[in-house]
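Peer 1: show me the folded form of this:
(one chain, ligands or ions: 1)
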Amino acid sequence: MSFSKQLKQKLRSRLSILRRDKPAVLGFLFHGLFQDAREIAAAHVDAQQGITIEHMRRFIEHFLQAGYRFISPEQDESGLTDEGRYASITFDDGYANNLRMLPLMEEYQIPATFYITTGNVEQQECFWWDVVFRERALRGVEKAEISREQKMLKDRHHLDIITYLKQQFGDNCLHPWSDTDRPMTVTELQDFAAHPLVYIGNHTRNHYLLDHYSDTEVLEQIQLAQNDLLEWTGRLPVSIAYPNGNFSKTATSAARNSGLKSGLTLQKTKNRLPLAGNFTMGRFTLWGNQNIDIQCKIFRSDISL
Ligand SMILES: [Zn+2]
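Peer 2: Residues are numbered from 1 along each chain as shown. The predicted structure is shown next:
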């Protein structure tokens with residue numbers, strides 16, 4: 001991070017004391033949960049926010065100390081008050097490394113919600129962006145260059161992305177390398193979902209960016225994931241995290257027509273209760289390479305600079 005950005009962050013976190021912690025639900029998006037910096041450096045995945053267990057602990061303690069209660073968009077909202085301060089931990093994709101969250105959830109007695117891309121779980125295939133990242137990193141390609149390739153692929157049809165990967169890196173390129181990169185197995189997901197602090201949500205069948213596809217494809221992606229999750233966990237999710245945060249009118253109506261009650265985006269906005277009925281819920285992102293407390297203070301603040 002640049003020096004001027006660091007200064008600005010510090011200023012924002014100091015100013016946050018003037019106006020913060022208004023009643024709201026703050027959503028937070030996570031992807032992987034890493035043991036430590038060494039696991040990130042092994043480059044089996046594109047670490048994205050690079051959040052380790054220690055970062056997560058700091059984040060949880062910050063919000064608990066500030067008087068926030070952790071809740072899930074999947075939970076029954078009766079009993080929550082619109083005057084409360086709430087935070088919601090959400091993980092997208094369904095990485096097996098998310099199972100490491102459970103000891104922390106038990107220690108602090110807090111729920112978290114896991115949005116699952118069910119096709120990857122069923123097929124035990126890695127996520128395409130991780131394949132691009134690790135294969136290029138292995139060949140010594142710079143991060144900026146890898147990001148450009150990922151960005152270029154994002155706009156393609158999912159089936160074309162898979163064809164591209166296989167052409168570039170071989171037919172087995174989607175096979176997991178380790179516990180860092182693989183999705184949960186169906187059995188792991190079943191056991192995990194049975195825990196009272198674990199909530200499971202929809203992240204589509206194949207991680208389609210829902211604003212890129214036809215009405216039929218969007219509906220199918222949402223409903224296939226609903227069916228998978230019902231079959232595996234015995235419960236139908238009531239919320240969806242739109243892959244990449246991308247949504248459209250088609251996506252929100254498809255979600256509604258599939259019986260879902262809320263949709264999670266990547267808009268950096270606070271939410272109000274009830275979450276049910278909100279199909280454009282905002283979520284913030286925490287970065288492991290920046291000061292955790294400073295970021296948390298800024299999330300709590302209602303001052304924007
Ligand atoms: Zn995702």
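
Peer 1: and I161, how close does it get to the ion?
Peer 2: Per CB to the ion, to the nearest Å, I161 is found 14 Å from the ion. Backbone N, C-alpha and C define where each C-beta goes, glycine included.

Peer 1: need phi/psi at the closest residue in space to G245 that isn't next to it in sequence.
Peer 2: Distances taken as CB to CB, 6 or more residues apart in numbering put L266 closest to G245, at 2.9 Å, once the chain neighbours are dropped. Per-residue torsions, L266: phi -120, psi 20 (degrees, to the nearest 10).

Peer 1: L266 touches N244, doesn't it?
Peer 2: Yes. Assessed by CB atoms under 8 Å, L266 is found in contact with N244 at 7.4 Å.

Peer 1: G27: how many residues sit nearby?
Peer 2: A count of nearby residues for G27, using other CB atoms under 10 Å, gives 29.

Peer 1: and it, that's in a strand?
Peer 2: Yes. Assessed with DSSP: H, G, I helix; E, B strand; the rest coil, G27 lies in a strand.

Peer 1: distance of it relative to A254?
Peer 2: According to CB to CB, to the nearest Å, G27 stands 21 Å off from A254.

Peer 1: next: D93.
Peer 2: D93 is 20 Å from A254, by CB to CB.

Peer 1: any idea how far stretch 296-304 is from the middle of the chain?
Peer 2: 20 Å (CA atoms, centre = their mean, to the nearest Å).

Peer 1: next, the buried residues of it.
Peer 2: For stretch 296-304, the neighbour count (16 or more other CB atoms under 10 Å) marks C296, K297, I298, F299, R300, S301 as buried.

Peer 1: does the fourth one really touch L26, like I thought?
Peer 2: Pointing back at F299 there. Yes. Using CB under 8 Å as the test, F299 is close enough to L26 to be in contact (5.8 Å).

Peer 1: okay, and the common contacts of these two?
Peer 2: The contact sets of F299 and L26 overlap at F284 (CB atoms under 8 Å, 6 or more residues apart in numbering).

Peer 1: enumerate every residue touching the residue nearest to G245.
Peer 2: Listed by CB under 8 Å, 6+ apart, the contact partners of L266 are L29, N244, G245, G282, R283, T285.

Peer 1: distance of it from the ion?
Peer 2: For L266, the distance to the ion (CB to the ion) stands at 10 Å.
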